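1. Curious how this folds, go ahead:
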Amino acid sequence: MITRIEATNYRCLEKADIDFEEFTLLVGANGSGKTTLLGIPELFSDCFKSPSVSQAFILSQNDAPPRCSAFEELVFHGQGNYFSIALEAKIPQKIMESLTSSLSETAKKNSEEWWQFIRYEIRFEIVDNKLIVGTENLFLFPSNKKPERGIGRIYGDYALPKGWRSILMRGSNNVSGLRVETTKNAKTKNLEVANSLLALPKVKFESQPSWAFRQSYA
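-> Next up is the predicted model:
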């Protein structure tokens, strides 16, 4: 289940975030960005399936109009050269339990320290009239260490909060750092991916939390 959507500098959304419960009512004036915000899960799916991330925006998807005719339209008020989006989701109980093998003995005894949520965040950048992936991160985190709300932060730009686990971290050099989520003290492996593509669809994970996350909004 998707539990949170975030957007910063994206189209009409300068900074927007919403937490979802089993029932959530979203209210706002026409043109305030409700459809844009709720369309972000589908945007992730389109980016995964497209030959390049730019095509998910510039071409029609599923018979819907293109998201833009020029990449500058994707940035809030057309000012700046980047925007970011993020999703969080609750990990199914069975998969959550399988991840405890990577935890310390103390954390295993406290379910609040189990990795119960997954966060996927991307910063897109416009460089030389091209849309590229500037940052891409995938994290696991427990219920007692949720991300700070209301700040629109890309957590891969900072030291990770205690109790978090990085699975995928990618910067502007096209090299992604990958850590297996089911192995304690797993070493980071490098994975090179073109900046026109997302790294996550190219990765085969040892266990299934990221697969379950993708299926929740594919």
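2. Okay, and the spatially most central residue of the chain sits in which element?
-> Geometric centre of the chain, nearest residue: Tyr120, 2.2 Å, by Cα atoms, centre = their mean. Assigned by DSSP states H and E, Tyr120 belongs to strand 117-127.
3. for that strand, packing partners?
-> Other helices and strands packing on strand 117-127, by 3 or more Cβ pairs under 8 Å, 6 or more residues apart in numbering; DSSP states H and E, are strand 82-90, strand 130-141, helix 209-215. (C-beta placed from N, C-alpha, C; glycine too.)
4. Pull up the pairing partners for the first one, direction included.
-> Looking at strand 82-90 with DSSP bridges, its partner strands are strand 2-10 (antiparallel), strand 117-127 (antiparallel).
5. can you check the longest one too?
-> In the sheet containing strand 130-141, its partner strands are strand 117-127 (antiparallel), strand 165-170 (antiparallel), by DSSP bridges.
6. which residues sit against stretch 144-151?
-> 17, 19, 88, 112-113, 117, 119, 141, 153, 155, 161-164 (Cβ atoms under 8 Å, 6 or more residues apart in numbering).
7. From these, list just the buried residues.
-> Among the contacts of stretch 144-151, the ones that count as buried by 16 or more other Cβ atoms under 10 Å are Asp17, Glu88, Glu113, Phe117, Arg119, Phe141, Arg153, Tyr155, Gly163, Trp164.
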